[in-house]
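>>> pasting the structure only:
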């Protein structure tokens, strides 16, 4: 660790790879540094270029740094479209629908589940963290730590990057002589590959309002172009009866929509959300006064992440006709809910699964 000012006791971060730590350490810790391994990789997946610039062996497990390259213009276009600036980089400036759209359009928001295969043995991830780098100073969400990682790995600074550090526990030792060596802390990696499993992301459909039983609504899937026919079974107000903490009031009125879909989409592929955010809980103060509690006012959007609003309650049952009946509950309000604007959400897979063999550098 390098001391840069004896009087102010300020330290520069140092590169130290550990199983549980960040990319850089700011103070000494007891966890030993991981040993760099001679593996690396470059491949294309989900329409983007990926790099594996570093693999490290730690006492607790394997650590893999994974970088996804992004065209800077995609970041600039997103920022300009939604007017994302340091001044309005806050969830409170956007509606739930807008936040979902920002997340869906954010090139840095990419969901996947990594797995490593060491000498033919798969290891599941324990945890991971990520930072984003954009090659212009005025972008919202650029992380100083990300700039240091880009410098460390000598990545192209004219590109945008999302940088992950994934940690994979070793698991139980193998049988035989390899297991004996593993118990002694000696591990020899002959082959190493990555399995990448694409997860789902939300794509918004066209909002609609539902009428009474029997009414039909056409829902266009923006991903596939397929049209689903929603038929209303029931559309009724509901009141949630439950006890709340003393001194607090919670909204307990909502509207429940039950419906069928034709054709029936894959399970979990199509859900409904209330376009309105509903009322927030509040606490009582002197008589006649109420103070609303804004639980998300400190949350930041950043170009890095974005926010996905809470899903509506979603269940499904079978009727005698064997057609699937789905149910969605609106946001909660203090007063009975007369009308709801529903937002169809299609959950598509980000990419097909793939496996990449990492190159062993001689």
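Yes, it's here. Quantities reported herein were computed from a predicted structural model and do not represent experimental measurements.

>>> Helices along this protein, start to end?
72-82, 96-105, 144-153, 176-183 (DSSP state H).

>>> As JSON lines, those helices with mean neighbour count and mean pLDDT would be great.
In this view, the C-beta of every residue, glycine as well, is placed from N, C-alpha and C. Formatted as JSON lines, the helices of the chain follow (neighbours: other CB atoms under 10 Å; pLDDT from 0 to 100):
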{"stretch": "helix 72-82", "mean neighbour count": "16", "mean pLDDT": "93"}
{"stretch": "helix 96-105", "mean neighbour count": "19", "mean pLDDT": "89"}
{"stretch": "helix 144-153", "mean neighbour count": "16", "mean pLDDT": "93"}
{"stretch": "helix 176-183", "mean neighbour count": "12", "mean pLDDT": "52"}
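
>>> Quick one, which of those gets closest to residue 52.
helix 144-153 (10.3 Å; CB to CB).

>>> And the contacts of the closest one?
With CB atoms under 8 Å, 6 or more residues apart in numbering as the test, helix 144-153 has contacts from 13, 15, 22-24, 51, 53-54, 65, 67, 131-133, 155, 157, 161, 163.

>>> Of these, keep whichever come out buried.
Among the contacts of helix 144-153, those buried by neighbour count (16 or more other CB atoms under 10 Å) are 13, 23-24, 51, 53-54, 65, 67, 131-133, 155, 161, 163.

>>> and of those, the nearest to residue 271?
The closest of the buried ones among the contacts of helix 144-153 to residue 271 turns out to be residue 132 (CB to CB; 27.9 Å).

>>> Who does the top strand by length along the chain pair with, and is each partner parallel or antiparallel?
Ranked by residue count, the top strand of the chain under DSSP state E comes out as strand 227-239. Paired neighbours of strand 227-239 in the sheet (DSSP bridges): strand 216-220 (antiparallel), strand 253-262 (antiparallel).

>>> Any chance of JSON lines for the ones you listed, columns mean neighbour count and distance to residue 168?
Listed next are these as JSON lines, based on neighbours: other CB atoms under 10 Å; distance: least, CB to CB, whole Å:
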{"stretch": "strand 216-220", "mean neighbour count": "15", "distance to residue 168": "40"}
{"stretch": "strand 253-262", "mean neighbour count": "19", "distance to residue 168": "39"}
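
>>> Where does pLDDT dip in this structure?
1-12, 26-29, 137-142, 173-186, 284-322 (pLDDT under 70).

>>> domain parsing for it?
Domains of the chain are assigned by automatic domain parsing as 2-201+350-360, 205-284+293-349.

>>> chain center to the shortest one: distance?
Taking the mean C-alpha point of domain 205-284+293-349 and that of its whole chain, the gap between them comes to 20 Å (CA atoms, centre = their mean, to the nearest Å).

>>> ok, now the longest one?
Computed by CA atoms, centre = their mean, the chain-centroid distance of domain 2-201+350-360 equals 14 Å.

>>> For residue 246, find the nearest of the helices of the chain.
Among the helices of the chain, helix 96-105 sits nearest to residue 246 (CB to CB), with 29.7 Å.

>>> by contact count, what packs against the closest one?
Here helix 96-105 touches helix 72-82, strand 200-204, strand 341-349, going by 3 or more CB pairs under 8 Å, 6 or more residues apart in numbering; DSSP states H and E.

>>> Residue 335 and residue 254: what is the separation?
11 Å (CB to CB, to the nearest Å).

>>> again, but for residue 59
In terms of CB to CB, residue 59 sits 51 Å off from residue 254.

>>> can you check residue 69 too?
Where residue 254 is concerned, residue 69 sits at a distance of 44 Å (CB to CB).

>>> Any idea which of the helices of the chain gets closest to residue 206?
helix 96-105 (11.4 Å).

>>> For the residue nearest to residue 74 when sequence neighbours are not counted, grab phi and psi.
In space, and not counting its chain neighbours, residue 74 is closest to residue 107: 4.4 Å by CB to CB, 6 or more residues apart in numbering. Here the main-chain torsion angles of residue 107 (degrees, to the nearest 10) amount to phi -70, psi -20.

>>> which ones are touching residue 107?
70, 71, 74, 75, 78, 160.

>>> would you turn those into a markdown table with distance to residue 229?
Converted to a markdown table, the contacts of residue 107 look like this (distance: CB to CB, whole Å):
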| residue | distance to residue 229 |
| --- | --- |
| 70 | 38 |
| 71 | 38 |
| 74 | 35 |
| 75 | 38 |
| 78 | 34 |
| 160 | 41 |
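
>>> Against residue 59, how distant is the nearest residue to residue 16 once chain neighbours are set aside?
Nearest residue to residue 16, sequence neighbours excluded (CB to CB, 6+ apart): residue 25, at 4.5 Å. According to CB to CB, residue 25 stands 16 Å off from residue 59.

>>> ok, now residue 166?
Taking CB to CB, one finds residue 166 at 17 Å from residue 59.

>>> shouldn't residue 123 be in contact with residue 117?
Yes. Residue 123 is in contact with residue 117 according to CB atoms under 8 Å; the separation is 7.4 Å.

>>> Run through who's touching stretch 336-345.
97, 100, 202-210, 219, 237, 239, 253-255, 257, 270-276, 311, 328, 330.

>>> Next, the buried residues of that stretch.
337, 340, 342, 343, 344, 345.

>>> residues touching the residue sitting nearest the centre point of the chain, list them.
By CA atoms, centre = their mean, the chain has its centre lying nearest to residue 111, at 5.8 Å. Residue 111 sits next to 198, 199, 200, 201, 350 when contact means CB under 8 Å, 6+ apart.
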